[in-house]
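**Q** sequence and predicted structure, then a few things I'm wondering about:
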Amino acid sequence: MTTAPAIELRTFTDLGPARGDLLDVYAEVRAPLLHLPNYAVTAFGERLDRHSGEPGFVAILAYAGDQPIGYAYANRIEHGDRYWQRTTPAPSDVYTAQPAVALKEIGVRPAWRGTGTARRIHDALLLARDEKFVTLMVNPAAGDGKVHALYRKWGYEDIGHSQPSPASPLLTVMIRPVG
């Protein structure tokens with residue numbers, strides 16, 4: 001892995017100023033999948049708008065100069081949240097008894113992959129969190145399994161599966177301690 005070029009990480013708790021840049025990066029990151037209903041930019045925009053109104057929302061965008069090159073966003077989920085209700089098998093109370101941070105999306109433009117940018121964004125997003133655990137959902141087929149393997153390398157472990165919507169593929173639910 002090469003050293004990440006000089007980038008600036010910006011934190012947003014209000015989606016407004018970041019929404020356009022986030023959608024632009026998403027469209028390039030997910031370009032091969034945009035023909036699928038669940039991955040369409042409009043569907044992502046609707047999810048993003050909904051998630052940004054939920055408790056604990058934060059987005060981190062990476063910029064090289066004025067060019068947005070990557071993003072991640074998350075929010076807090078509580079015991080009984082629909083996130084946990086859709087996970088099978090039901091996750092252990094060890095994970096769900098207290099609030100957790102749900103990493104909803106992370107992506108880096110193809111030209112910036114392999115530079116450590118995704119990990120820097122991920123770690124910056126978790127730095128200010130006070131939840132004990134962070135969870136995410138990953139399509140096990142993404143990148144021919146490389147994305148799932150990367151999350152394992154970052155310390156995440158599989159705890160179940162979820163299909164958040166009828167248009168969504170079956171996703172693997174993963175979790176790890178925040179710190």
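**A** Structure received.
**Q** could I get the full set of helices for the protein?
**A** Listed in chain order, the helices of the chain (DSSP state H) span residues 19-29, 41-52, 82-85, 93-96, 117-127, 146-153.
**Q** check which helices and strands the second one sits against.
**A** Put plainly, it is helix 41-52. Counting contacts by 3 or more Cβ pairs under 8 Å, 6 or more residues apart in numbering; DSSP states H and E, helix 41-52 packs against helix 19-29, strand 67-77, strand 100-108. Yep, even glycine has a C-beta here, placed from its N, CA and C like the rest.
**Q** now the ones you listed in a markdown table, please, with extra columns for mean pLDDT, distance to Ile121 and mean neighbour count.
**A** Converted to a markdown table, the helices and strands packed on helix 41-52 look like this (pLDDT from 0 to 100; distance: least, Cβ to Cβ, whole Å; neighbours: other Cβ atoms under 10 Å):
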| stretch | mean pLDDT | distance to Ile121 | mean neighbour count |
| --- | --- | --- | --- |
| helix 19-29 | 96 | 11 | 17 |
| strand 67-77 | 97 | 5 | 23 |
| strand 100-108 | 96 | 7 | 22 |
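**Q** about what we covered before: same list (the helices of the chain) but as a markdown table, adding distance to Ser165.
**A** Written out in a markdown table, the entries for those read as follows (distance: least, Cβ to Cβ, whole Å):
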| stretch | distance to Ser165 |
| --- | --- |
| helix 19-29 | 17 |
| helix 41-52 | 9 |
| helix 82-85 | 11 |
| helix 93-96 | 21 |
| helix 117-127 | 24 |
| helix 146-153 | 20 |
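**Q** nearest to Val58 among the ones you listed would be which one?
**A** If you check each of the helices of the chain against Val58 by Cβ to Cβ, helix 117-127 wins as the nearest, at 6.5 Å.
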